[in-house]
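# structure for this input, please:
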Amino acid sequence: MVVRRQKKSRRQRGKTTYGWGFTKRHRGKGHKGTSGGGKRGAHRESSFYAKGIEPIGKHGIQFKPRVYKAPENLITIEELDKRFVNEVDLAKLGYTKVLGTGKLTHKIKVTCANFSDSAKEKIKAAGGEAIVPGAK
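Residues are numbered from 1 along each chain as shown. Predicted structure coming up:
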């Protein structure tokens, strides 16, 4: 007795599209959509530019990223103070506020634009100064 395999399907063998619509579809890299508009879209751009109209879409830089430095805590200022630093100018380092987390054991002068109430109290309790530049 001869073993017979099922015959390989011969369905839609002669058609260009094999049931997938237009010819470039189902080619192995996915359906690429309208990439490379070529004759259809690109030739219109020169006419838009001639009229002084930019083609639709976003152009150039849309936003400026905001530079933000987190507020400084008294814990890190205490670490600086252990290295025999008596004055810290956080305004020069780019910080905008000092928060009151942690405690100070030595007196220290701290210069910054803003201080939380607890930070001011803790700095004064340690015998230091909380200096706001430009304030009288």
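
# show the subsequent helix or strand relative to the least confident helix or strand in the chain by mean pLDDT.
Counting by mean pLDDT, DSSP states H and E, the chain has its least confident helix or strand at helix 42-50, which shows a mean of 68. Note on helix 42-50: by DSSP states H and E, the next helix or strand toward the C-terminus is strand 72-73.

# what strands line up against that following strand, and which way round?
Partner strands and pairing direction for strand 72-73 (DSSP bridges) are strand 97-99 (parallel).

# show me what counts as buried in the partner strand.
Of all the residues in strand 97-99, those buried under the rule 16 or more other Cβ atoms under 10 Å are Lys97, Val98, Leu99. In short, each C-beta sits where N, CA and C put it, glycine included.

# residues making contact with stretch 11-18?
Contacts to stretch 11-18, defined as Cβ atoms under 8 Å, 6 or more residues apart in numbering, come from residues Gly19, Thr23, Arg25, His26.

# would you confirm that Thr73 contacts Leu104?
Careful, residue 73 is Asn and not Thr. No: using Cβ atoms under 8 Å, Asn73 makes no contact with Leu104, being 11.0 Å away.

# for the protein, give me the ranges with low pLDDT.
Applying pLDDT under 70 to the chain flags the ranges 1, 29-46, 55-56, 59, 67-68, 80-85, 136.

# where along it do the strands fall?
In the chain, the strands defined using DSSP state E lie at 72-73, 87-89, 97-99, 109-111, 114-115, 129-131.

# Throw these into JSON lines and include distance to Val3, thanks.
Below are the strands of the chain laid out as JSON lines (distance: least, Cβ to Cβ, whole Å):
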{"stretch": "strand 72-73", "distance to Val3": "81"}
{"stretch": "strand 87-89", "distance to Val3": "88"}
{"stretch": "strand 97-99", "distance to Val3": "82"}
{"stretch": "strand 109-111", "distance to Val3": "91"}
{"stretch": "strand 114-115", "distance to Val3": "87"}
{"stretch": "strand 129-131", "distance to Val3": "94"}
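
# Arg66 is nearest to which of those strands?
strand 97-99 (15.6 Å; Cβ to Cβ).
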